[in-house]
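K.L.:
Okay, structure incoming, though there's no sequence with it:
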């Protein structure tokens with residue numbers, strides 16, 4: 001049986017790497033990391049938690065078992081916080097890209113206006129952008 005704690009640690013490291021890729025804007029590698037992350041999540045889903053903790057209970061003392069549960073709980077909290085931060089950063093990147101696209105689109109209008117020399121729209125669009 002796979003160790004849930006190790007799987008969650010792997011998930012945490014992938015989530016941290018995800019944050020760096022979001023900040024760098026490297027969305028191709030981010031997509032690969034997300035695929036790896038989904039594989040780890042699928043492995044976690046395969047683990048029967050009742051069996052896992054029953055097996056731990058047989059091999060650890062009561063205090064050690066409680067410590068393991070606490071560490072696992074804290075690890076899950078950290079992953080959730082990292083994931084929330086990543087989602088927020090992605091939303092910010094989305095807004096930045098949207099603003100850039102709007103800016104480029106307005107410049108495109110003014111450039112197209114100058115291609116038609118017999119029309120006065122170029123001056124209008126140029127003044128607007």
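P.N.:
Arrived safely, thanks for sending. Everything numeric in this text was worked out from a predicted model, so none of it was measured.

K.L.:
all contacts plus neighbour counts: C-alpha atoms, from now on.
P.N.:
Fine.

K.L.:
where are the low-confidence patches of the chain?
P.N.:
Judged by pLDDT under 70, the chain has its weakly predicted residues at 1, 107-129.

K.L.:
residue ranges for the strands of it, please.
P.N.:
In the chain, no segments count as strands under DSSP state E.

K.L.:
Contact partners for the spatially most central residue of the chain?
P.N.:
The chain has residue 86 as the residue nearest its centroid, 4.6 Å off, counting by CA atoms, centre = their mean. By CA atoms under 8 Å, 6 or more residues apart in numbering, residue 86 lies in contact with 18, 19, 22.

K.L.:
How many neighbouring residues does residue 60 have?
P.N.:
12 (other CA atoms under 10 Å).

K.L.:
Tell me the spacing between it and residue 104.
P.N.:
62 Å (CA to CA, to the nearest Å).

K.L.:
for the chain, what's the longest helix?
P.N.:
In the chain, assigned by DSSP state H, the helix with the most residues is helix 62-115.

K.L.:
and the residue nearest to residue 90 when sequence neighbours are not counted, how many neighbours does it have?
P.N.:
Closest residue to residue 90 apart from its sequence neighbours, by CA to CA, 6 or more residues apart in numbering: residue 22 at 6.7 Å. By the criterion of other CA under 10 Å, residue 22 has 17 neighbours.

K.L.:
Residue 74 too?
P.N.:
12.

K.L.:
Do I have it right that residue 23 meets residue 87?
P.N.:
No. Using CA atoms under 8 Å, residue 23 is not in contact with residue 87, being 11.5 Å away.

K.L.:
Tell me which residues of stretch 69-82 come out buried.
P.N.:
By 16 or more other CA atoms under 10 Å, the buried positions in stretch 69-82 come out as 72, 75, 76, 79, 82.

K.L.:
Closest to residue 66 out of those residues?
P.N.:
residue 72 (9.8 Å; CA to CA).

K.L.:
Quick check: the residue lying closest to that closest one once chain neighbours are set aside vs residue 56, distance?
P.N.:
For residue 72, ignoring the flanking residues on the chain, the nearest one in space by CA to CA, 6+ apart is residue 5 at 6.1 Å. Separation of residue 5 from residue 56 (CA to CA) stands at 12 Å.
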